[in-house]
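Trainee: Model the following, please.
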Amino acid sequence: MKRFIHISALIVLFVSLGYAQQFTLEQIMSAPFSEQLVAAKSAPRIAWITNLSGVRNIFVADAPGYQPRQVTHYPGDNGQTIAALAITPDGKTLVYARGTEINDAGDSANPQGLPVPPKQQVWAVSADGGEPKLLGDMGCPYEGCEDIQISPDGKWAVWVAKKGLMAASIDEGLRSNGTQNGPGAQFAEMQGTPNSPRWSPDGKQIAFEINRKTHALIAVADVNQMYEQNGTLRHDSISAGRIQWLSPSVDRDALPRWSSDGKQIAFVRTPGAENRLPIIPLPVHPWSIWVAQVKPALVGAEAANQAATTDPAKEIWHSGTTSRDSVPEFLGAAFGFAQGDAGARVIFVSEHNNWPHLYSIPVTGGEPVLLTPGEYSIEDVAQSRDHKALIYTSNEGNLDTRHVWRVAASGGTPTPISKGDAFEFTPVEAANGDILALGSSANTPNLPLNISNGQRQEIAASLIPQQFPKPQLLTPTVVTFPSTDNVTIHGQLFMPPQCKNAKCPALIFTHGGPPRQMLTGFSYMNYYSNAYAENQYLASRGYVVLSVNYRNGIMYGHDFQYPTNGVWRGAVEYNDVVAGAKYLQSLPQVDAAHMGLWGGSYGGFLTAMGLAHDSDIFKAGVDYHGVHDWSVFLPEWEEDAKNAPDLKEAIALAIKSSPVGAMETWRSPVLLVHGDDDRNVPFRQDTDLVQRLKKQHVEFQEMIFPDEIHDLLLWRDWINSYRAAQQFFDQHLK
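Mentor: Below is the predicted model:
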């Protein structure tokens with residue numbers, strides 16, 4: 001009874017101060033998250049994936065009304081991701097991967113602890129409904145290799161699997177009973193790790209990259225369809241026939257892309273491995289574009305007697321030798337052939353003028369044409385149906401926004417397709433010419449949109465639950481402030497109404513990545529859409545929240561993203577977090593004596609840096625799967641690090657740039673959140689830190705999720721961890 005009176009009194013006090021909770025954590029986290037928008041090539045149909053409180057399913061919609069229709073019906077918060085969504089050209093079938101990539105032990109994630117562990121597998125389902133049918137196992141051997149490519153006739157799928165390339169007949173898969181292994185068969189097995197498979201326009205060849213560690217090669221395999229002994233064609237199996245190697249060298253070749261006539265392949269070449277290089281200086285990664293002629297496919301006995309050789313490839317462009325000339329991190333989305341006014345052109349991204357921009361160059365070489373001039377960055381890139389134009393997103397005119405633009409492949413003035421206070425991502429052009437995208441705003445989660453003719457038609461607003469607290473959400477304000485070395489830093493300020501006339505505790509949030517950018521709205525990545533929701537929730541609980549877009553992040557130029565003394569080479573980006581704290585301290589609404597910080601992954605690293613270096617500023621922190629000791633990553637990140645002449649100095653610098661390098665000044669309490677099957681940040685980063693915290697007698701709490709990965713798979717784990725974070729801050733900052 002005494003406890004009941006105590007809680008009631010607190011509620012009355014909070015209401016009288018204006019701290020009444022406007023919505024629950026479950027309500028804000030009920031926001032549906034949509035991703036992987038795709039469009040059929042010859043039918044006016046789109047498809048996408050929506051995660052609704054941990055329940056992941058595929059939806060389709062048809063022009064002109066684009067009414068959403070659910071195709072798969074996977075139940076429950078089961079932790080099984082859906083990825084690599086692809087749609088056949090006629091729009092009748094969807095192919096996708098379900099389950100996570102494998103860890104070092106060869107296992108997909110099993111966050112529910114099921115007695116029969118799940119696998120990552122490839123499935124096909126009719127867009128008209130019905131049960132999904134198994135095509136085969138995937139077991140993606142590295143993060144981000146989920147990439148299913150459908151043949152031009154829509155009959156075959158090829159993908160990167162645990163033991164090489166796999167292929168399967170989509171038709172046979174749909175006709176099967178979907179049991180055990182599906183119709184998938186290994187397409188090609190060879191030394192090295194395959195990547196980036198791409199069908200030729202006639203469907204008779206597949207080009208792919210083979211990574212052999214010190215170098216990488218581009219292979220083109222003729223597609224052999226399997227025949228029964230009586231000579232009849234089997235429709236359930238194909239294999240690699242003759243292999244062509246495109247100008248093999250000691251360098252690393254990647255991103256094979258076919259010309260529209262199937263006679264040429266463009267690819268990117270970067271230098272091969274070198275020995276005994278110093279690793280402290282920020283490396284430069286020059287690159288070049290090459291075009292190779294490809295011999296037509298051969299089959300049967302004819303192929304067996306042909307040599308697997310090609311004519312030498314021709315270099316049509318190469319970068320300079322400065323840091324800005326390094327190969328762009330997200331080159332693959334834009335790279336490929338397009339149709340110019342005077343013939344074929346190759347599209348690429350370069351940052352040599354500091355900003356990531358689109359360029360095109362004749363396939364024969366020559367002077368590149370800058371397609372997107374200005375001080376801004378491009379991000380998502382798609383081609384128009386006729387391949388004469390590029391449809392892309394950028395932050396032109398406002399570095400803290402994202403809209404869709406179009407530009408001709410030959411050059412000209414870019415024209416906006418969307419504009420306004422909301423955001424658009426991942427544009428596609430439907431078969432009927434409509435432009436569609438995913439989009440969000442300050443109070444609307446990421447959902448599909450029709451943005452044709454400058455209009456913003458919401459396609460799937462019906463997926464938003466009634467409990468979602470849209471009217472109660474704040475619209476964050478974009479703020480800028482100088483870092484300690486006078487670099488301008490951008491952030492989003494969540495200022496609760498109840499704090500306008502009273503001093504409130506404050507929090508700094510730092511995103512992960514670090515190649516990310518937080519916006520004044522829901523993100524196009526699920527992890528950061530969740531983080532945005534948590535920041536809204538913390539603001540509703542009476543915290544002033546500042547989300548800091550620190551250096552190493554995207555969309556503010558190459559120099560901002562790649563400081564020479566960033567990450568383990570000096571962690572200069574931590575200065576931006578301190579600058580954010582000073583900005584908050586200058587606000588009359590902020591109680592500077594009660595300030596904390598939180599973040600995940602790289603944001604967890606910066607959280608730990610704040611607690612270790614500046615416990616006098618940051619009184620508490622919540623560290624989600626953060627990095628605490630850079631030195632252990634050097635052998636993995638820096639090639640031939642064990643033989644580097646400056647290895648000893650590099651290790652010392654990495655430790656100094658880590659939270660463990662300042663343990664003697666760490667005094668503030670911390671909540672550590674981590675899944676012990678993390679494939680991004682090893683769990684040992686936390687086991688090591690905890691021993692150090694114990695020796696320093698620092699208060700810490702733990703929230704460990706057995707069998708969870710980096711990006712928590714179960715919605716309920718996000719809920720439980722976010723609630724624990726809020727309670728931890730209430731305990732230490734209120």
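
Trainee: The residue most central in space within the chain and Glu367, how far apart?
Mentor: Nearest residue to the geometric centre of the chain (Cα atoms, centre = their mean): Met525, 6.6 Å. For Met525, the distance to Glu367 equals 36 Å [Cβ to Cβ, to the nearest Å]. (Each C-beta comes from the backbone N, C-alpha and C, glycine too.)

Trainee: same question, Leu653
Mentor: Relative to Glu367, and taking Cβ to Cβ, Leu653 is found at 41 Å.

Trainee: where do the strands sit along the stretch 501-650 of the chain?
Mentor: Shown for the stretch 501-650 of the chain, the strands assigned by DSSP state E, counting those that start in this stretch span residues 504-510, 544-549, 590-600, 620-624.

Trainee: mind listing the helices in the stretch 501-650 of the chain by residue range?
Mentor: 526-540, 558-561, 574-585, 602-613, 634-637, 647-656 (DSSP state H, counting those that start in this stretch).

Trainee: isn't the residue nearest to the centre of the chain right up against Pro515?
Mentor: No - counting by Cβ atoms under 8 Å, Pro515 is not a contact partner of Met525; they are 11.0 Å apart.

Trainee: Setting aside sequence neighbours, what's the nearest residue to Glu143?
Mentor: Spatial nearest neighbour of Glu143, excluding adjacent residues (Cβ to Cβ, 6 or more residues apart in numbering): Glu101 at 5.8 Å.

Trainee: distance of that neighbour from Glu146?
Mentor: 7 Å.

Trainee: Pull up the overlap in contacts between those two.
Mentor: Taking Cβ atoms under 8 Å, 6 or more residues apart in numbering as the criterion, Glu101 and Glu146 both touch Gln120, Cys140.

Trainee: Now do the helices in the protein.
Mentor: Counting by DSSP state H, the chain has helices at residues 2-16, 25-28, 170-175, 300-304, 526-540, 558-561, 574-585, 602-613, 634-637, 647-656, 684-696, 715-733.

Trainee: Now do the third one: distance to the chain's middle.
Mentor: Okay, so that is helix 170-175. 31 Å (Cα atoms, centre = their mean, to the nearest Å).

Trainee: what pLDDT, on average, does it get?
Mentor: Model confidence over helix 170-175, given as mean pLDDT, is 80.

Trainee: Flag every buried residue along it.
Mentor: The neighbour-count check on helix 170-175 (16 or more other Cβ atoms under 10 Å) flags Ile170, Asp171, Glu172, Gly173, Leu174 as buried.

Trainee: For the stretch 601-734 of the chain, which residues score under the pLDDT cut-off?
Mentor: For the stretch 601-734 of the chain, not a single residue meets the criterion pLDDT under 70.

Trainee: which residues of this protein score low on pLDDT?
Mentor: The chain contains residues with pLDDT under 70 at 1-21, 176-181, 226-236, 299-310.

Trainee: Go again with 50.
Mentor: For the chain, the stretches flagged by pLDDT under 50 are 1-20, 233.

Trainee: rewinding a little: quick one: contacts for the residue nearest to the centre of the chain?
Mentor: By Cβ under 8 Å, 6+ apart, the neighbours of Met525 are Arg516.

Trainee: coming back round to it: give me whichever of the helices of the chain is most buried.
Mentor: The highest mean neighbour count among these, using mean count of other Cβ atoms under 10 Å, belongs to helix 602-613: a mean of 28.

Trainee: Touching it from outside, list them.
Mentor: For helix 602-613, the surrounding residues in contact (Cβ under 8 Å, 6+ apart) are 508-514, 550, 552, 571, 573-574, 577-578, 581, 597-599, 617-618, 621-628, 658-663, 665-666, 668, 670, 681, 689.

Trainee: What residues sit buried inside stretch 658-678?
Mentor: Buried-residue list, stretch 658-678, by 16+ other Cβ under 10 Å: 658-663, 666-675, 677-678.

Trainee: Among these, which ones are in strands?
Mentor: Among the buried residues of stretch 658-678, the ones falling in strands (DSSP state E) are Val670, Leu671, Leu672, Val673, His674, Gly675.

Trainee: mind giving me TSV with those residues and columns for distance to Gln120?
Mentor: Below are those laid out as TSV (distance: Cβ to Cβ, whole Å):
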residue	distance to Gln120
Val670	34
Leu671	31
Leu672	28
Val673	25
His674	22
Gly675	17
